[in-house]
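Engineer: Need coordinates for the below:
(6 chains, ligands or ions: 3)
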Amino acid sequence: MKKIEAIIKPFKVDDIKEALNEIGIKGMTLTEVKGYGRQKGHKEIYRGAEYVVDFIPKVRIEVVVEDEQAEQVVGTIRDAANTGKIGDGKIFVIPVEDVVRVRTGERGPEAV
Amino acid sequence: MKKIEAIIKPFKVDDIKEALNEIGIKGMTLTEVKGYGRQKGHKEIYRGAEYVVDFIPKVRIEVVVEDEQAEQVVGTIRDAANTGKIGDGKIFVIPVEDVVRVRTGERGPEAV
Amino acid sequence: MKKIEAIIKPFKVDDIKEALNEIGIKGMTLTEVKGYGRQKGHKEIYRGAEYVVDFIPKVRIEVVVEDEQAEQVVGTIRDAANTGKIGDGKIFVIPVEDVVRVRTGERGPEAV
Amino acid sequence: MNSGDIAWMLCASAMVLFMTPGLAIFYGGLVRSKNVLGTIMHSFIIMGVVSIMWVLYGYTMAFGPDLGGGLLGGAKYLGLSGVGADIGPYSDTIPHILFCAFQLMFAVITPALITGAFAERMKFSAFLAFTILWTTLVYFPVCHWVWGDGGWLGAMGALDFAGGTVIHINSGAAALVCALFLGKRKGYGTDQMHPHNLPLTIFGAGVLWFGWFGFNAGSALAADGTASMALFVTQVAAGTGAVLWIIAEWIYQGKPTTLGAASGAVAGLVAITPAAGFVGPVASIIIGGVAGVLCYGAVVVKGKLGYDDALDVVGIHGVGGLWGALATGLFAAEVYGGVNGLFYGNANQFVIQGIGAVAAIAYSLILTAIILKIVDAVFGLRVDDEEEHQGLDVSQHSEVGYRIV
Amino acid sequence: MNSGDIAWMLCASAMVLFMTPGLAIFYGGLVRSKNVLGTIMHSFIIMGVVSIMWVLYGYTMAFGPDLGGGLLGGAKYLGLSGVGADIGPYSDTIPHILFCAFQLMFAVITPALITGAFAERMKFSAFLAFTILWTTLVYFPVCHWVWGDGGWLGAMGALDFAGGTVIHINSGAAALVCALFLGKRKGYGTDQMHPHNLPLTIFGAGVLWFGWFGFNAGSALAADGTASMALFVTQVAAGTGAVLWIIAEWIYQGKPTTLGAASGAVAGLVAITPAAGFVGPVASIIIGGVAGVLCYGAVVVKGKLGYDDALDVVGIHGVGGLWGALATGLFAAEVYGGVNGLFYGNANQFVIQGIGAVAAIAYSLILTAIILKIVDAVFGLRVDDEEEHQGLDVSQHSEVGYRIV
Amino acid sequence: MNSGDIAWMLCASAMVLFMTPGLAIFYGGLVRSKNVLGTIMHSFIIMGVVSIMWVLYGYTMAFGPDLGGGLLGGAKYLGLSGVGADIGPYSDTIPHILFCAFQLMFAVITPALITGAFAERMKFSAFLAFTILWTTLVYFPVCHWVWGDGGWLGAMGALDFAGGTVIHINSGAAALVCALFLGKRKGYGTDQMHPHNLPLTIFGAGVLWFGWFGFNAGSALAADGTASMALFVTQVAAGTGAVLWIIAEWIYQGKPTTLGAASGAVAGLVAITPAAGFVGPVASIIIGGVAGVLCYGAVVVKGKLGYDDALDVVGIHGVGGLWGALATGLFAAEVYGGVNGLFYGNANQFVIQGIGAVAAIAYSLILTAIILKIVDAVFGLRVDDEEEHQGLDVSQHSEVGYRIV
Ligand SMILES: Nc1ncnc2c1ncn2[C@@H]1O[C@H](COP(=O)(O)OP(=O)(O)O)[C@@H](O)[C@H]1O
Ligand SMILES: Nc1ncnc2c1ncn2[C@@H]1O[C@H](COP(=O)(O)OP(=O)(O)O)[C@@H](O)[C@H]1O
Ligand SMILES: Nc1ncnc2c1ncn2[C@@H]1O[C@H](COP(=O)(O)OP(=O)(O)O)[C@@H](O)[C@H]1O
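Structural biologist: Numbering: from 1, shown residues only, chains lettered A, B, ... in the order given. Ligands and ions are numbered 1, 2, ... in the order given. The predicted structure follows:
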């Protein structure tokens, strides 16, 4: 199985969730993260002192799927997350050796 | 080595920590995440407007262990996290190629 | 490609970011996490009740790089994160099978 | 001079001023966290801007001797010349400058109320220009009509104890125009725009409630029986508004909400404002209770009409203020404030109340629209899309509300 | 009528009302974040519910002419008939309705105090029913006993300047019964139930401290020397309570805590409440200081006894109120309030204070138990396990406190 | 006795006390979240510590009959003996104890202001020792100089209506020494030390603004025309300070900030403090406006000088207070407070103001340095590096501010 990790812009979460739903993906996990990359940060001013904040709020979406579905999930997320602007994010594909559903103890593909 | 990633219900954290302690696991990392899956979310009402919130607070526990221990850790977490109700979560096993302890520079199994 | 995941002390973030910049790494993702390990937690007192809090604020830095760069990144992070005190953290190296840049659809090494 | 009256009016002035930071957090908690400072700033900076205007020309426009026709005050008090520690024309027992201070606090909070309508999307420069123009061209005149020496609505006998028409109807009407002119926030109707910090909002409502005693009981301009009754009915109407709103919610949507309780309290406070010196405890239960249900209905309906009055200024201040103005014409009883309303046989008063309300609404709608047109042409009303995504805090003020780890 | 007295009582009434939102955030910050709104709501909605009850029948039950035996007020003021802007029986210098307003604020905060005992687990419907019944059957009568015209405790000479017995002992006793009847929160003793927002709590304590000046100094019902002294000793007792609590902590547990300082201040305020008009500055140092240490001890002991009085209503209001009532019998000095206590040779006063306290405790314990039985039978007291896990905010109110990103 | 004056002074005392919790959250929001409680605690516990000192010996040091030379009050009021509900030497219309209460609130807030300078790094024990010594050795004497019966600065004719010299210059000078002595916070200049909760800070500024009416208008010690004018100019100066600060920022750094508005308001309030009873509305616009620009300049310059006055006590209270003291010597006009300043032909007053300021600065600088030396020797001023990383909340108080999920 594969874990698809996508670092995306926060306001894209709902679109991606729906796009994934449409291709039958009904489970995912979200984390609020901060990203550093090409996208420029912003300036902040507090009593005359200026700071540049480079780390930009992003969301990481993680979806674990069977190998065959991985490519489709990657494509779906890419399409839904794309705005064409710098900072749209990255998708990483990572191998997963096993999955367990805590409730039932099921393992492997039927656990996701 | 393996990284065991478990997405679990937040109130189970202490139980799991203790269960892992009992089998000699003394290190782990926690992240607050939001999960989407079979478990139903809740309704919110603000001045007449109703929203359904699908993303449910979960905690991700990550433990990196030697290959031999992986199965035991998975079993331990599963037992401690299980309530038998929908939403108990998932455990993912992911390969880890190397581990470094920052303080000492140790590598591999002795670093965890 | 590899994902380098480092669990480090929060106040080291800026140093690490700069050290990585110097070796040409211009992208990374940060998560606020809580760590449990050898480092001792602290006591809290609320109206006579005492609690021991074992989970200590840490930051996870994730950097995805080409295989050749992995070792250098690990070394750089290690050097920048090291204070010599317990709790300095760990670095994990995890295989990544593919990377996509959402904006352009680029894949593999040129996407990071 | 009466030191008791002065003591009370000093406190009442302070309490009314305190309402504006209270409003700032009431509103601030309701927006998304990326806009919390921008929203708070609206109210906060108005405390500064309007204070300056008031000294320079505001007080005289509102309370200077009538220029004729009851439409505007004359220039006598320009730069507050002649407004000092002595008795003035509006009270025999407190210094003129104290009356002027008390009224300043009302002039501050009225434009601040409107800001809820355009929250989360207005440019700061445009907001400033709008506020200055609106306060000058709408608030000062309407205030004169009702409370100014020779103002036409006051002369006609319109009752507005503490500002139902001057403040709430007036700002509610302006809010409607603002919501329509600015258009919806990006993502309105699809994204979830939950309040980001309800404890802040609820405590803000508590501050408003507290300050409102100064608002309503202070409008007696004396520490006397009228003020005492005004304070009492204020408490009861606020409480009844809170209770009835959550009952309505409970029946209609299945849950009583904390935000509903706070909103209902504000609705009750708004509705009792014009009536405070003219009605008694039992009437205040009705006025507050009806306000709770009515304003709840108004915010539900808004969701269906689809304009984006972000923080429900129309539904609460507009609708609540209108109800209060009319209710004053219904429930006023001679024993409390010297005037009877419809229910005590004086149908005329009800008609007068209606005329006052309609006049204020019409004037406010039209002038607000003109002002917005001008401001839009000069500054542009809205931040651009990228800035709206980022939030006002970063884009307008280079600040971030919270860094809580 | 005295405009100075009226001015002060208008302010004092507003200040006491403001204590309830202050209490809402004081309590709100102490619970886990999933219960913050449910906890705030308890206090907030009481401001509404009790206001309505007060107009309809509460005031007359407490302050109507005695029905005989000093147990309850008669129906004379039902619907507040006859309670208006004129002088009433309880003061010669302020309007009857103003006395009624001031007392309403006390009736509001008393049941709100109890809510700390059952925080994080009570059903909202059950809470409402409990509050209505308790206020009716316990607060109004006990208030009559002490302050009502002809109330038996007042007639006996029990001193309770601003409500040590009526408010704090009374609510503390009720809180104990609530904690025992509802049982512990799930996870109590094993899970870590840290306060989720201490800045909110500490500021809430600041609001309470501010409002308490109205509470205590307002209880003089006049702007005079007694009120002035009451204000001063209130400040000193609060401060001493804070300092002594953290010293006790520092010695016993090794660290002085911020929550300890805030809790100690409240303990000091509670303890000085009955004594405020009867003692001087030096006594107030002792009363406040002992309260700080004693209430700290009480919360430490609670941890060992094992009942789950979630926010320490028993330890602070019960124990602090009892100490204050007795201390009044010790430290009262003729020069301040016309009565001597034990230390000034009048042992009798101390005995009377004890009788008053015991009577209030006994009555409150029994009635609270009966009320809880009834409410439990009709509504069920506690939310179910799943709801308790979710938190009251989502399960009872369909809301979430924070969305701070 | 005048019940109106008493009513006002009761309220004013409560309002000034309320400023300290307001300051606690104003400061608390500005630090990093790991220090929020430690910062709040500084202000909060001072409310306790100074209250006790005041009763025991503070009041008599400040307001006891002069010991000779105008330097210190004598022991007459030790333990507040003889300070009761009767008229005292400082007012003919309010009880002595009420004057004493009002002044206590000033004694509380002054050392609390200083805490902003050493935020985020001072040991709690050292802070307590410093506060006790500083209040005793600096505040009480300087207070006596200006306001005490026979104090040399007062006798010389120095004008300080509500504490520009006694409170703001005094604490500002002490803050400078503290910042220099303690040294910079670890990471100052390299780490980003953003405020962690600006809504808390801005609301804190709102509470300060509200309370400041008690501060300034209360300093009239009566509910009269002077108090009324003082209240009005307070409002205007605060507002103008806010507006001018953000204009200066907008021009110089490109953005108007919310924290700038709040800071400017406080700067305006500080500057009008000594002048409040002596100037009129137009002067207050100038005083407040200049304060806004000047204090903004001061905080910008601080960044370049490099000392770490963490929360800008020097820049706002020191600089603002100094400007206010001098401005009083410029703008004072006989019509308001009976004295003319330089602009009304009385250059002498300006000189006197300067002498007063210089004396307070010099005394405060020197004594603060000595006190810090002693405290450092006995306790050590700073927490160790590990504790500073952890934050004061955990290391000094074993608490954590937030657990918001
Ligand atoms: N090498 C990397 N490793 C991990 N995360 C990365 C890496 N590069 C970028 N990211 C993440 O992707 C986000 C977007 O990257 P950025 O360079 O800003 O824009 P783009 O993806 O459009 O090139 C960053 O904010 C960061 O969270
Ligand atoms: N395919 C998936 N990829 C990643 N996370 C998942 C996936 N499916 C479920 N999860 C996570 O597991 C949690 C529990 O899943 P859910 O379907 O609600 O219940 P259960 O695990 O009992 O079947 C979700 O909230 C989500 O965080
Ligand atoms: N086996 C593990 N799996 C995952 N994370 C771990 C593991 N062991 C330690 N960690 C993380 O590393 C952090 C530092 O570990 P700790 O044992 O305190 O110190 P050190 O790394 O110096 O030995 C922990 O707080 C935790 O977040």
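Engineer: What's the nearest residue in the stretch 301-405 of chain D when you look at chain B?
Structural biologist: The nearest approach of the stretch 301-405 of chain D to chain B comes at D:Gly303, 5.5 Å away (C-beta to the nearest C-beta). (Each C-beta comes from the backbone N, C-alpha and C, glycine too.)
Engineer: Chain F versus that residue, what's the distance?
Structural biologist: As for D:Gly303, its distance to chain F is 27 Å (criterion: C-beta to the nearest C-beta, to the nearest Å).
Engineer: Helix, strand, or coil at that residue?
Structural biologist: Following DSSP: H, G, I helix; E, B strand; the rest coil, the label given to D:Gly303 is helix.
Engineer: Okay, it and D:Gly69: tell me how far apart.
Structural biologist: D:Gly303 is 42 Å from D:Gly69, where distance means C-beta to C-beta, to the nearest Å.
Engineer: List the residues that contact A:Val59.
Structural biologist: Applying C-beta atoms under 8 Å, 6 or more residues apart in numbering or on different chains, we find A:Val59 in contact with A:Ile7, A:Ile8, A:Lys9, A:Pro10, A:Lys12, A:Val13, A:Leu30, A:Thr31, A:Glu32, A:Val33.
Engineer: quick one: the fourth one and A:Ile56 touch, right?
Structural biologist: No - because the distance of 9.5 Å does not satisfy C-beta atoms under 8 Å, A:Pro10 is recorded as not touching A:Ile56.
Engineer: Have a look at the two and say which one is more surrounded.
Structural biologist: For the pair A:Pro10 and A:Ile56, the greater number of neighbours falls to A:Ile56 (18 against 15), based on other C-beta atoms under 10 Å in any protein chain shown.
Engineer: follow-up on the earlier one: now, among the contacts of A:Val59, which is nearest to ligand 3?
Structural biologist: Of all the contacts of A:Val59, ligand 3 sits closest to A:Thr31, with 15.3 Å by C-beta to the nearest ligand atom.
Engineer: ok, that closest one - contacts?
Structural biologist: Residues in contact with A:Thr31, defined by C-beta under 8 Å, 6+ apart, are A:Val59, A:Arg60, A:Glu62, B:Thr31, B:Glu32, B:Val33, B:Lys34, B:Arg60, C:Thr31.
Engineer: So the second one sits against A:Lys34, correct?
Structural biologist: No - with the criterion set as C-beta under 8 Å, A:Arg60 and A:Lys34 do not qualify as a contacting pair; they are 10.3 Å apart.
Engineer: Quick check, D:Ser228 in contact with E:Ile94.
Structural biologist: Yes - with contact defined as C-beta under 8 Å, D:Ser228 reaches E:Ile94; the gap is 7.2 Å.
Engineer: list residues touching both of those two?
Structural biologist: Here D:Ser228 and E:Ile94 have E:Ile6, E:Met9 as joint contacts, going by C-beta under 8 Å, 6+ apart.
Engineer: CA atoms only: put stretch D:180-199 into PDB for me.
Structural biologist: Output of stretch D:180-199 as PDB, limited to C-alpha atoms (Å, rounded to 0.1, in the frame of the first residue of the first chain):
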ATOM      1  CA  LEU D 180     -25.400  44.700  -0.300                       C
ATOM      2  CA  PHE D 181     -22.700  47.000  -1.700                       C
ATOM      3  CA  LEU D 182     -19.700  45.100  -0.600                       C
ATOM      4  CA  GLY D 183     -21.100  41.800  -1.600                       C
ATOM      5  CA  LYS D 184     -20.400  38.400   0.000                       C
ATOM      6  CA  ARG D 185     -17.200  37.300   1.500                       C
ATOM      7  CA  LYS D 186     -15.400  34.800  -0.700                       C
ATOM      8  CA  GLY D 187     -16.600  31.400   0.100                       C
ATOM      9  CA  TYR D 188     -19.800  32.600   1.800                       C
ATOM     10  CA  GLY D 189     -22.400  29.800   1.600                       C
ATOM     11  CA  THR D 190     -19.800  27.100   0.800                       C
ATOM     12  CA  ASP D 191     -17.000  27.500   3.300                       C
ATOM     13  CA  GLN D 192     -17.600  27.100   7.000                       C
ATOM     14  CA  MET D 193     -17.300  30.500   8.600                       C
ATOM     15  CA  HIS D 194     -17.500  29.500  12.200                       C
ATOM     16  CA  PRO D 195     -16.800  32.000  14.900                       C
ATOM     17  CA  HIS D 196     -13.200  31.500  16.000                       C
ATOM     18  CA  ASN D 197     -13.400  32.400  19.700                       C
ATOM     19  CA  LEU D 198     -16.800  32.300  21.300                       C
ATOM     20  CA  PRO D 199     -15.700  32.800  24.900                       C
END
